[in-house]
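Engineer: attaching a predicted model along with its sequence, questions to come.
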Amino acid sequence: MLRKVLQPFYTLYVLVTFVVSILFCFPFFILCGIGQTARGRRLVYSIIRYWSKFFLAAIGMPVTISGNRPPKDTRYVVVANHISYIDTFVIFQAIPGYFRPLGKKEVSKIPFIGFIYKQVVIMVDRNNIHSRARSLRLLWRVLHHEGHIIIFPEGTFNETGKPLKDFYDGAFRLAINTQVPILPIIFPDTQYRWHYSAWWKLWPGKNRAIYLTPVEVAGLTLDNLPALKQEVYSLMESELLKYTKGQNT
């Protein structure tokens with residue numbers, strides 16, 4: 001009952017904090033984003049990283065990290081479960097080192113947010129074969145010359161009631177083609193912080209980011225893709241069940 005009374009006020013506080021902080025940072029995003037250079041993208045990434053830490057702390061959703069942190073000198077195809085709007089903020093605190101996400105092109109049309117989105121995200125139009133081919137070339141280049149790639153292999157929010165939706169092939173195909181290991185990360189709490197069913201279902205609390213054991217792909221071919229995908233799926237599913245058992249807040 002108390003939560004139902006307080007939730008609208010908390011949601012308003014989060015929205016005001018978000019808008020004010022984004023507007024404060026926006027001139028810096030514009031300056032850094034001029035020309036869309038690699039250096040500019042790194043500067044935008046750094047601003048988002050510090051901003052997200054401030055924002056999540058200010059709204060009472062700090063990120064805590066557990067599990068074995070991977071070596072900083074190794075690049076990964078990072079995969080994570082996706083069940084909340086807040087996931088896109090949490091990844092900037094969870095992933096070690098510079099990275100670029102793979103994301104939907106449609107988001108780039110949102111005012112203000114779309115400008116920032118275009119600076120850091122490798123956009124793909126899944127219905128356009130040329131867009132998919134271009135994104136794959138960019139992903140390869142980032143992995144070999146810039147940093148990690150983060151992909152939500154479920155593609156969109158998991159609304160199934162199961163720990164995970166079925167995975168798409170993209171992340172695993174990329175890992176095999178580039179021979180870059182996969183780093184699974186799970187977010188067991190984000191659905192309770194900002195529920196996917198409605199934008200106003202916000203509530204403060206912890207956001208755990210848990211590193212799982214990296215999965216090596218050295219020597220694998222595309223013939224091994226189904227088995228690799230199942231291995232990562234089973235690993236993430238079992239860990240999510242472990243960390244969310246009995247949790248409902």
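Structural biologist: Nice, I can see it.
Engineer: okay, CA-based contacts and neighbour counts for the rest of this
Structural biologist: Will do.
Engineer: tell me what the helix or strand containing Leu56 is packed against?
Structural biologist: Assigned by DSSP states H and E, Leu56 belongs to helix 38-58. The contact analysis (3 or more Cα pairs under 8 Å, 6 or more residues apart in numbering; DSSP states H and E) places helix 38-58 against helix 2-33, helix 87-94, helix 113-120.
Engineer: minimum distance to Thr160: which of those helices has it?
Structural biologist: Shortest distance between Thr160 and the helices and strands packed on helix 38-58, using Cα to Cα, is found for helix 87-94: 17.3 Å.
Engineer: run the angle between that closest one and helix 38-58 for me.
Structural biologist: Counting by axes from the mean of the first three to the mean of the last three Cα atoms, to 10 degrees, helix 87-94 lies at 100 degrees to helix 38-58.
Engineer: low-confidence bits of the protein, can you list those?
Structural biologist: 125-132, 246-249 (pLDDT under 70).
Engineer: coming back round to it: so after the helix holding Leu56, what's the next helix or strand?
Structural biologist: As assigned by DSSP H and E, the chain's next helix or strand after helix 38-58 is strand 63-66.
Engineer: from the contact counts, what lies against that following strand?
Structural biologist: Secondary-structure packing of strand 63-66 (3+ Cα pairs under 8 Å, 6+ apart): helix 87-94, strand 207-211.
Engineer: how about the CA coordinates for the first one, as CSV?
Structural biologist: Extracted C-alpha coordinates of helix 87-94, given in CSV (Å, rounded to 0.1, in the frame of the first residue of the first chain):
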residue,chain,number,x,y,z
ASP,A,87,19.7,-2.1,-18.2
THR,A,88,21.0,0.4,-20.7
PHE,A,89,22.2,2.6,-17.8
VAL,A,90,23.6,-0.3,-15.7
ILE,A,91,25.8,-1.5,-18.5
PHE,A,92,28.0,1.6,-18.3
GLN,A,93,28.9,0.7,-14.7
ALA,A,94,29.0,-3.0,-15.2
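Engineer: how far does that helix sit from its chain's centre?
Structural biologist: With Cα atoms, centre = their mean, to the nearest Å as the basis, helix 87-94 stands 6 Å off its chain's centre.
Engineer: buried set for it?
Structural biologist: Using 16 or more other Cα atoms under 10 Å as the test for burial, helix 87-94 gives 87, 89-94.
Engineer: select, out of the helices and strands packed on helix 38-58, the one closest to Arg41.
Structural biologist: helix 113-120 (5.8 Å).
Engineer: need the contact partners of the closest one.
Structural biologist: 29, 33, 36, 41, 44-45, 100-101, 107-108 (Cα atoms under 8 Å, 6 or more residues apart in numbering).
Engineer: just to revisit the earlier point, switch the helices and strands packed on strand 63-66 over to CSV; also include distance to Asp223.
Structural biologist: CSV is the format used below for the helices and strands packed on strand 63-66 (distance: least, Cα to Cα, whole Å):
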stretch, distance to Asp223
helix 87-94, 30
strand 207-211, 27
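Engineer: hang on, Thr213 is in a helix, isn't it?
Structural biologist: No - looking at Thr213 with DSSP: H, G, I helix; E, B strand; the rest coil, it is coil, so not inside a helix.
Engineer: hang on, the earlier thing: ok, which of the helices and strands packed on helix 38-58 comes nearest Asp166?
Structural biologist: With distances scored as Cα to Cα, the stretch of the helices and strands packed on helix 38-58 nearest to Asp166 is helix 87-94 (18.1 Å).
Engineer: quick one: the residue nearest to Ile48 when sequence neighbours are not counted from Leu225, how far?
Structural biologist: Setting aside the residues directly before and after it, Ile48 is nearest to Phe92 in space (Cα to Cα, 6 or more residues apart in numbering), at 7.4 Å. Computed as Cα to Cα, to the nearest Å, the Phe92 to Leu225 distance reads 28 Å.
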